[in-house]
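Novice: Structure for this input, please:
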Amino acid sequence: MILEWYWLALIGFITLFLGVFAVWKTELQGPKAGIKARMQDFAKQAVATAAKEYKVTLDYSPQSVAEIDTILEPIHRRHRNAPIPEKELSQIVLTWGAYVGTTLIKHQGGDWHVDSVTAGVNTYPILFTKTNGASENAKASTLAEAIPVIWCLKRIRHGKSESVAAKYEKATSRN
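Specialist: Numbering: from 1, shown residues only. Modelled structure (predicted):
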């Protein structure tokens, strides 16, 4: 009888441990794990949505980023008339911001991150290492950041004055 309780307690403990481990793995590490793949998936979704809903071809070229402003304009007008719920707005800016960011990385390098030192948590910046043109032996580098997800959020909230294409151009001219 005691042996049965021992095994039941052991099985219960193992089950509890595995459950806690699963929660830790998905909740605590999930947002940071696989950010590059997740953002590429969002970018692919943007390409498909642009073709289907907006009849726009996005090809990951720097010129195609201007199309994002065109796509975000009716979303801006909709948001101005009746604010879009935060959960839906987050999905929208992640999708279009991921496309812009993926295009930026393709042409300028850099890596996706989850949190930004300047903009905070869950802002999905792209970090670049830039060299400053010092002598070959003493090249100094600095870290630069671009946050296309926030660019898209500002474009939706404030309209044409917050052009995503202009921010992309500025980011690429400094890089």
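Novice: In contact with the closest residue in space to Thr102 that isn't next to it in sequence, which residues?
Specialist: Leaving aside its sequence neighbours, Thr102 sits nearest to Ala43 (C-beta to C-beta, 6 or more residues apart in numbering; 4.0 Å). C-betas here are computed from N, CA, C, even on glycine. Taking C-beta atoms under 8 Å, 6 or more residues apart in numbering, we find Ala43 in contact with Tyr60, Thr95, Ala98, Tyr99, Gly101, Thr102, Thr103.
Novice: Are we agreed that the last one is in a helix?
Specialist: It stands for Thr103. Yes. Membership of Thr103 in a helix is supported by DSSP: H, G, I helix; E, B strand; the rest coil.
Novice: what's around it, how many residues?
Specialist: 24 (other C-beta atoms under 10 Å).
Novice: how much space between it and Arg78?
Specialist: Thr103 sits 24 Å away from Arg78, going by C-beta to C-beta, to the nearest Å.
Novice: what sits against Thr95?
Specialist: Phe42, Ala43, Gln45, Ala46, Thr49.
Novice: In which helix or strand does it reside?
Specialist: Per DSSP states H and E, Thr95 falls inside helix 86-108.
Novice: Also Asp59?
Specialist: Under the assignment here (DSSP H and E), Asp59 is part of no helix and no strand.
Novice: can you check the one 10 residues further on too?
Specialist: With elements taken from DSSP H and E, the one containing Asp69 is helix 65-81.
Novice: Same check on Leu143?
Specialist: Applying DSSP H and E as the criterion places Leu143 in strand 141-146.
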